[in-house]
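Undergrad: got a predicted structure plus its sequence, pasted below:
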Amino acid sequence: MRELGEGEPPGPGAVDAPDLTASGPEGRTARTALALREATAAGRWAVLDHPMLALAVAGAPAHLEPDAVVVHPDGGWTVVEIKSFALIDGAADPAKAGAAARQAAVYLLALEALAERLPGPPAGGRVRDRALLVCPKDFSNLPAAALLDLRKQRATTRRQLDRLTRVEEIAAALPAGAGFDPARPADELTAAVEAVAAAYAPECLASCELAFHCRARARAAGDVRHLGRAVRSELGGLTTVDEVLAASRGTAETDDPAVAALRRAAALRAEALGAACR
Amino acid sequence: MSLIDTLARLEAVRSGRARPVATVRHRHLSARPLVLVPLTTAGETGAPLGALVGTDRAAPRLLTVAQPRDRALRFAFLAELAEAVLPYVEGFADDTVPEERKETDPATGRRTTVEAELCADAPQLLVPSPAGVEYVRLLGRSMRFRRTAEQDPSADWPAPPRVPLLGRWFTHFGERARVPGSAMLLSMTELLGRHWATGQSRLEDQHLGALLAWIDPPGGTDGPAAALAAEQARDADGLLLHPPAGPATDPAFDSERLAPAVARYDAARARVLDTGRGHDALRRADEEIRALLASQLRPTWDALWRGVDLLRELPEAAGAAERWKGDRWSYTAHRDRVRAGEPPQPRRDDAVTAARKLAARETAQARLEAREALDDPLVMAARRLAGEAFAGEVTEVVMEFSEGRVPRPRPLVTVRTDDAPLLEEGVRVHRALADGRTQSAECVAAGPEGPVVRLMTGMGRGRVPDAGSVPAPGEHVCWTLFEHAPRGGPDLPDPERTPWTHGGPPGPPADEPDPVTPEDLL
C-alpha cells in the first residue's frame, strides 16, 4: 500500500476481500462487475482476488483474469500483477517486465470499459494508469513491489486492438467449409491454414505455435524476410533470394539504387575474399 | 547488419552452408580456456540445476543440485563450483611480467611513466550463449554479498568459505563481457556468429546446435536440413536430441524426466530423515538426476568444443592480442583489489564510476570497429561500401611543401578508386603504414579523377620524407575516414568529487548481505 502512494497502510480488518466465486466465465464477469461497484461505493480499501473481466478483441468477446485489482477508498482502481521473475537490486529483466506491462495494459483497457458504466469517477480518474508489479526480492521469497507506468502500453494496445481485423472479415475471406478444429484430417487442416495469409518474421518463433509452419513456407518461397525484418529494408523492391542473387550478379545497366548497391557489395565481397585467399 | 553481411546470408541460403564474414579471428582464444555449461531451474531466479565445467574436453566435471530449491544443496553446488573455477582463475595471478604504464601523479598532475606488474596471461571463460553470459553475471550477483561463517559468525545460513570470492570473480567476468572486444567471458554463439553468416536469422543463430549445423554440417547432409534436425528432432520419448544450450532447459525434459526424478529424490530423502534408513535409495535417486542432467549437458559441451576447434582454424587478427592485453590489465587490477581486501563490487555504481564505464565501453567499441576493419579486408569492404573508407591505386604524386620558416613535405596524392567515399574538402583521412604507424592526410579535392589528399603526418622530421612514407604511383592504398585509435572524452572527476547535480559524493559502500528467509523452498 505504501507503494501505491496512499500514506499509512490500512490496518487489519480495514481491507475488504469480496467473494468472487460464480459459475462460468460470464457469471464470474458479472460477479466481478457487481463486486467492483459495491467496493467502489463503500469507500474502503478492497482487494479483488482473481477477478474476471471481459474485453472485445477483434469483435469477439475475450475473458481476462488479472491476479488482483485493488479498490482505493477514493474509488480508484489499480491492477496488480504477480510475477515469478526476481526484482534484483530494484531492477527486473527488461524483456520480462515489458511483457508484464503489456499484459497489465490489456487489463487496464478491460477495466476502463467497465468503469464507463459507473457514475462519478474520482478526480484522478477511475482506473489508475500505474499497475503494481509484485515480484520476489533479490534471491529470496520476500515480495517486492514496484509501480509500472502503463500510459504508453495502454495507448499502443488500444491502437492495436482498434486496428485488428475483425474475426468476421477473416472468416469471410476463407473458403466455405474451412475450419481449424484440431480433430479434422491433416490435409483439410493444412488447406485451411494455407488459405490464411501470413507474414512470417523470425520474431514469430518466440510467440506463435504455427511459426515453424510459416517459416517452412517462407523458406520454400525464397522470401528474404525469413532472415530478419531488417534484411528487407536494405533490398528495395527485391523480395526473394533468387531475385537478390541474380541482381547482384547482373551486368546490365540499372537505375535502381538498391541493385547498384548490391552489385557493389558483391564485387567488394568477392575482392576481399579473393585477397584473403591469396 | 550491413548489406555485405546480408549478401553473405543469402549466399548461405543458396549454397546450404554458412559463408565467412571474417577472414581472421577477431577475438583472442586462450590455449587453455575454462568451459562452463550451466543449467538453471525454470521459474526460479539464481537457482542452478547443474553444470559441466572444466578445461579438459575429455573430462568435464559434472556438478548437480538434486533439489534446486534446497539452500543447503545449492550452497554445496556453489562451493563445488568455486572449487572447480577458482584454482583456474587464481592460477594466472602469480605469473607476472613488468610493464610500463602511464599514470597521473596525484601531487603534480603530470603524466609519468611507472613500472607496474602485469599478469602474463589471464583466465578465459567460455559459455554456450549470451544467456549463459547473463547467467554468470547473475550467479556473481547472487554470491558476492553472501557472508561466510568467518565473516559473520551470527549469520543463520552462512555461505561456504570460497563462495563470495567466486561471486566477485563472476561479477568481474560479467562486467568485462560488456566491454566491446573483451575476450575474458565469451559466448560461443556470438563468437561463431561474428565469423560466419548462416542462411537463417540472427535470432535462430542463438541455437548453438543449429549454428554449428550450418557452419559444419555432419557428413551427408546440408546446413538447412542439419539445422532443422538440431532444432526439432526428438527421440521416441519426445525429448530433444539436441537439448537447448541452456541455461534454460527443454520444458518437455523438465516435466517428463526431471520433475519425477526430483520427486523420487525428495521421497527418498524424507524416508532417510524419518527412519534413518534407505541411504541406498537416496544415492540411487541422486545418481539418476546426475545421469539425466549429464545427458542434457554433454551435447552442448561437445558442441562448444567443436566451435573452439572451428575458431582455432582461423588465424588470429593482429588487434586481438592488443585487446587481450586490456583483459590482462583488468585481471591484474581485480586480483589486486581482491588481495587488498576491498569490499565486493557495489550493487549499483556511483555516478562517476558509471559514467567512466560507459565512456570506456564507447571508446572500446570505436577502437574495436576501427581495428577489425584494419585487420580484415572483409570488414573493410563493408566500411568501403558505407563510404567510410576507400581503396585504390595511386595515379599521381605531386611534391609540395608547407609554408613557414622550416618547409615540411606536404605531397598531394591522387587515388583512383571505384569506391564512393563521403569526402569533402578538409576531411581528415587515415591509413596504416607498413611499420604499423598511422598516417593522416587531408582531402583537398574529390574530383572525377579520384580523390586528392594532402599527406600531413608520418613522413619524418626532415625536408625529404622518410622512405616508404609517401606512396609511389601504382601503389595500392586504403584510406579510412575514421580514426584508427580513437580516444575517449575528457577525464571525469574522482568519485569523491561528484558534483551535486549527479547526487554528490557517494556514501559509504553498503554491502549488507541479501535478505534470507527461514523458508527458502518456494
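TA: Okay, I see it.

Undergrad: who does the lowest-mean-pLDDT helix or strand in chain B pair up with?
TA: Every helix and strand of chain B was ranked by mean pLDDT, DSSP states H and E. The lowest is strand B:96-104, at a mean of 81. Strand B:96-104 pairs in its sheet with strand B:111-119 (antiparallel), by DSSP bridges.

Undergrad: could you pull up the mean pLDDT of the partner strand?
TA: Mean pLDDT, strand B:111-119: 84.

Undergrad: could you point out the helix or strand that follows that strand?
TA: strand B:125-127 (DSSP states H and E).

Undergrad: now the helix or strand following that following strand, how far from the centre of its chain.
TA: Moving toward the C-terminus from strand B:125-127, the next helix or strand (DSSP H and E) is helix B:130-144. Distance of helix B:130-144 from the chain centroid (CA atoms, centre = their mean, to the nearest Å) equals 14 Å.

Undergrad: okay, now the unreliable bits of the stretch 1-150 of chain B?
TA: For the stretch 1-150 of chain B, the stretches flagged by pLDDT under 70 are B:1, B:106.

Undergrad: show me which residues of it sit near chain A.
TA: By the rule CB under 8 Å from any CB of the partner chain, the part of the stretch 1-150 of chain B lying against chain A is B:1, B:3-4, B:6-11, B:13-14, B:20, B:23, B:43-46, B:138, B:141-142. For the C-beta atoms, the positions are set from N, CA and C on the backbone; glycine is no exception.

Undergrad: what subset of the residues you listed is buried?
TA: Buried by 16 or more other CB atoms under 10 Å in any protein chain shown: B:1, B:3-4, B:6-11, B:13, B:20, B:23, B:44-46, B:138, B:141-142, out of the residues of the stretch 1-150 of chain B next to chain A.

Undergrad: among the residues you listed, name the ones in helices.
TA: B:3, B:4, B:6, B:7, B:8, B:9, B:10, B:11, B:13, B:138, B:141, B:142 (DSSP state H).

Undergrad: how about the contacts made by residue B:379?
TA: Each residue near residue B:379 by CB atoms under 8 Å, 6 or more residues apart in numbering or on different chains is listed here: B:22, B:372, B:373.

Undergrad: let's see it at 6 Å
TA: Neighbour list for residue B:379: B:372, B:373 [criterion: CB atoms under 6 Å, 6 or more residues apart in numbering or on different chains].

Undergrad: okay, it and residue B:19: tell me how far apart.
TA: If you measure residue B:379 against residue B:19 using CB to CB, to the nearest Å, the figure is 14 Å.

Undergrad: what's the closest non-adjacent residue to residue A:266?
TA: Spatial nearest neighbour of residue A:266, excluding adjacent residues (CB to CB, 6 or more residues apart in numbering or on different chains): residue A:248 at 4.0 Å.

Undergrad: could you do residue B:431 as well?
TA: Nearest residue to residue B:431 in three dimensions, chain neighbours excluded: residue B:479, at 5.0 Å (CB to CB, 6+ apart).

Undergrad: next, count neighbours for that neighbour.
TA: As a burial measure, residue B:479 scores 26 neighbours (other CB atoms under 10 Å in any protein chain shown).

Undergrad: can you name every helix or strand that the strand or helix carrying it contacts?
TA: Element membership for residue B:479 (DSSP H and E) is strand B:476-480. Other helices and strands packing on strand B:476-480, by 3 or more CB pairs under 6 Å, 6 or more residues apart in numbering or on different chains; DSSP states H and E, are strand B:389-398, strand B:428-432.

Undergrad: which strands and helices lie in contact with the longest helix along chain B?
TA: Counting by DSSP H, the longest helix found in chain B is helix B:279-312. Here helix B:279-312 touches strand B:34-40, strand B:48-54, strand B:61-64, helix B:188-195, helix B:208-215, helix B:259-275, going by 3+ CB pairs under 6 Å, 6+ apart.

Undergrad: residue B:468 and chain A, how far apart?
TA: 21 Å (CB to the nearest CB, to the nearest Å).

Undergrad: so for residue B:468, what's the pLDDT?
TA: pLDDT at residue B:468 comes out at 80.

Undergrad: part of a helix, is residue B:359?
TA: Yes: Residue B:359 forms part of a helix when assessed by DSSP: H, G, I helix; E, B strand; the rest coil.

Undergrad: which non-adjacent residue is nearest it?
TA: According to CB to CB, 6+ apart, the nearest residue to residue B:359 is residue B:488 (5.2 Å).

Undergrad: pretty sure that neighbour is touching residue B:362, no?
TA: No: Residue B:488 is beyond contact range of residue B:362, at 7.2 Å (criterion: CB atoms under 6 Å).

Undergrad: quick one: contacts for residue B:430?
TA: Applying CB under 6 Å, 6+ apart to residue B:430 gives the contacts B:438, B:440, B:480, B:484.

Undergrad: okay, now the unreliable bits of the chain?
TA: Here I'm looking at chain A. Filtered on pLDDT under 70, chain A yields the residue ranges A:1-9, A:120-124, A:275-278.

Undergrad: hmm, I had chain B in mind actually
TA: For chain B, applying pLDDT under 70 flags the ranges B:1, B:106, B:509-522.

Undergrad: tell me how many other residues crowd residue B:325.
TA: 14.

Undergrad: residue contacts, it?
TA: Contact partners of residue B:325, counting by CB under 6 Å, 6+ apart, are absent.
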